[in-house]
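K.L.:
everything below, folded, please.
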Amino acid sequence: MNLATLTWELLDNDHQRMMRLPPAKRASLALWQAAGEPMATFLRSAASLHDAHRTTITDLFGLLVDLGLDVDSLQHRLQKILPDRPQGAEAMLEAIADGTIEAAAAADQWDWVGIRGVDLNLISTNDLLSTNRSGQQLLRWIAVQDEAPSLTEVLSRLQHLRGSGLILRWATQTFALVPGYCPRRNLPTLGQPASALTQRHRDPPVRPTAQPPAAGVRSTTLVEDLTAVLAEIALQPVRHRQDWVWRVADAKRVAARLPGGEHDMARLALTFEVCQFLGLTHQIAMETRVSDAGKGWLPLSTGQRQHRTLEQLRPFLYPQPDGPRRDDHHGARLLERIMRRHLATAECLLLWTRLAAAWRELADETWLLSQALTWWRRHPPQGIGLHAESAWAEGLDLATRQLAIPLGMLSLQGERAKTTISLSPAGRWAVGLETAWTPPTESVLAKPVIVQADHTIIFLAPDAPTEIAFGAFCDRLPGAHGTGALFKLSKTACRRAAIAGLDAAQVVAVLSAASAKPLPANVLRELDGWFSRLRRAVAQTALLITTTDAETATTLVAMLGATRVGPQAVSLPLGTRPGELERRLAKDGILLDTSSIVRRR
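P.N.:
Below is the predicted model:
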């Protein structure tokens with residue numbers, strides 16, 4: 001059953017002889033050997049490959065030797081055509097069981113060599129280039145077929161080529177083509193194992209039973225996370241370490257701000273990357289700060305924020321002929337980040353249009369989430385390789401749970417097994433079922449806070465811009481976010497505000513503009529008292545000159561306009577050039593010693 005010695009030129013003849021056998025004999029693998037030794041070798045290899053998923057890693061290398069395959073070259077080959085997969089014995093076992101023909105679907109990435117140096121004696125130099133090109137075309141043709149082609153179909157595409165035997169032998173050895181058998185057609189196949197073929201589901205789709213909407217519609221959590229993270233960074237920028245990773249204390253501080261108050265670092269990482277891709281944050285020196293776009297984000301309502309985010313993604317979920325290019329586009333970069341593990345299977349943005357088409361299947365119905373995912377997974381789009389099921393299932397689940405549901409494209413209702421989904425108005429617009437979508441109008445409290453006599457500030461509704469304004473002269477209470485008691489006025493916070501340039505009148509004006517009730521009298525007295533006790537002093541650097549007598553100091557004040565700081569000392573601004581000053585004073589007989597300044601520098 002050594003594929004390396006298989007006489008592929010005679011295989012088609014044996015196959016035709018086998019097909020002329022009575023149906024009862026053809027139904028038995030044991031009697032197929034009567035068709036000829038090449039066909040028997042092929043069928044034994046197909047049976048071994050069909051059972052490879054039940055082969056232990058210990059028996060793997062024995063199977064490779066029986067098939068006539070070089071372990072080192074196979075591992076190198078897998079690493080080359082499937083760079084994103086983990087390498088090792090398990091990866092090779094998976095390649096034997098499932099084949100790697102999907103690598104041929106990426107035409108620009110496929111590099112088929114096919115002919116070794118020792119085989120050049122078997123083929124002329126003139127035929128070498130056409131052999132290589134024909135082998136590459138064969139692999140690409142097999143990759144886009146709906147099911148594994150029969151052996152006769154494969155051989156018919158190479159019957160006029162002198163090197164057809166070499167192409168099939170080396171393509172099989174590198175597992176681009178895998179022998180198999182299709183029970184439905186009762187034919188041997190080449191290009192995809194029977195185990196993978198039997199797992200494909202091409203039956204007409206059966207829509208899941210519509211489920212009534214359950215109570216408790218969940219909102220756009222990703223939009224809420226973006227707002228919470230931006231509000232916290234606006235209060236205090238995030239500091240980086242030398243390797244541009246967030247400091248642990250700052251990461252925990254921002255993670256605690258996420259709705260729910262949990263230190264979910266994976267959720268924080270996704271939110272922060274979305275902030276970066278949408279241009280809501282930027283880096284200055286070793287800090288992450290809110291950008292101008294981020295400052296414009298915070299005063300918006302939830303619906304407006306959702307609209308702005310989906311507006312970045314819609315051109316790639318529902319592409320238009322005159323849509324934006326993917327180059328340096330925030331929406332394209334975000335989608336590529338979400339789907340980066342699937343770039344080897346299909347082009348990222350093309351896969352997103354297929355995802356949008358799948359979500360469009362919901363139309364006006366409400367489906368159980370589990371049933372919808374199962375149905376979508378069983379009917380992947382055509383032309384994405386022989387690993388379509390696994391790649392499509394992973395990408396669909398990732399995109400649905402990390403973006404479509406958190407962004408409110410799919411309305412999520414209910415809990416656990418009874419969770420249902422349906423296309424929201426925003427989702428219908430995002431996937432192209434509606435030409436426009438206007439976010440619902442939200443009631444916003446003009447004055448969302450109450451200042452209490454104990455200096456505690458209670459928020460009646462979430463208001464990120466007001467929180468940022470209060471953060472300049474208040475202390476945030478630990479773990480307080482959203483509504484309730486969030487801030488407290490303190491002497492330390494007012495001292496910090498005074499250093500930043502605020503005074504009591506400005507603080508009172510901000511509090512009064514946001515407070516639903518008049519400010520308590522004791523709070524006004526305390527603020528006035530805290531700020532009135534503070535005095536301002538400015539620290540400046542200066543050039544100090546000391547003299548041997550008071551008369552020389554008086555002369556320097558008259559000549560230079562210096563400031564007298566003592567009987568025998570004057571000061572000049574630090575910007576004064578010592579060398580130039582030394583030459584000027586020397587003309588008037590005053591010798592200025594600048595050696596200490598030079599040494600200090």
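
K.L.:
got phi/psi on residue 246?
P.N.:
Backbone geometry at residue 246, expressed as degrees, to the nearest 10, gives phi -60, psi 140.

K.L.:
could you give the bridge partners of it?
P.N.:
For residue 246, the beta-bridge partners are residue 240 (DSSP bridges).

K.L.:
and it, what does it touch?
P.N.:
Residues counted as contacts of residue 246 (CB atoms under 8 Å, 6 or more residues apart in numbering) are 238, 239, 240, 254, 288. Where you see a C-beta, it was placed from the backbone N, CA and C, and this is true even at glycine.

K.L.:
my guess is residue 281 meets residue 233, correct?
P.N.:
Yes. Using CB atoms under 8 Å, residue 281 is in contact with residue 233, at 6.5 Å.

K.L.:
name the residues contacting each of these two.
P.N.:
Jointly contacting residue 281 and residue 233 under the rule CB under 8 Å, 6+ apart are 288, 289, 290, 294.

K.L.:
could the residues you listed go into CSV alongside pLDDT, secondary structure and neighbour count?
P.N.:
CSV is the format used below for the shared contacts of residue 281 and residue 233 (pLDDT from 0 to 100; DSSP: H, G, I helix; E, B strand; the rest coil; neighbours: other CB atoms under 10 Å):
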residue, pLDDT, secondary structure, neighbour count
288, 91, strand, 21
289, 91, strand, 16
290, 90, strand, 23
294, 88, helix, 22
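
K.L.:
could you find the closest non-adjacent residue to residue 303?
P.N.:
Once flanking residues are discounted, residue 303 sits nearest to residue 439: 2.7 Å by CB to CB, 6 or more residues apart in numbering.

K.L.:
check which helix or strand the one you found maps to.
P.N.:
Taking DSSP states H and E as the definition, one finds residue 439 inside no helix or strand.

K.L.:
and the helix or strand containing residue 61, which residues are buried?
P.N.:
Element membership of residue 61 [criterion: DSSP H and E] is helix 57-66. Neighbour-count burial for helix 57-66 flags 60, 63, 64 (criterion: 16 or more other CB atoms under 10 Å).

K.L.:
closest one of the residues you listed to residue 541?
P.N.:
Lowest distance from residue 541 to the buried residues of helix 57-66 (CB to CB) belongs to residue 60, with 73.6 Å.

K.L.:
how close does that closest one get to residue 544?
P.N.:
According to CB to CB, to the nearest Å, residue 60 stands 82 Å off from residue 544.

K.L.:
how near is the residue nearest to residue 303 to residue 426?
P.N.:
8 Å.

K.L.:
what do these two both touch?
P.N.:
The contact sets of residue 439 and residue 426 overlap at 306, 307 (CB under 8 Å, 6+ apart).

K.L.:
higher neighbour count, those two?
P.N.:
Taking neighbours as other CB atoms under 10 Å, residue 439 and residue 426 compare with residue 426 leading, 23 against 17.

K.L.:
would you say that one is within a helix?
P.N.:
Yes. Remark: residue 426 belongs to a helix, assigned using DSSP: H, G, I helix; E, B strand; the rest coil.

K.L.:
so it makes contact with residue 408?
P.N.:
Yes. With contact defined as CB under 8 Å, residue 426 counts as touching residue 408 (5.2 Å).
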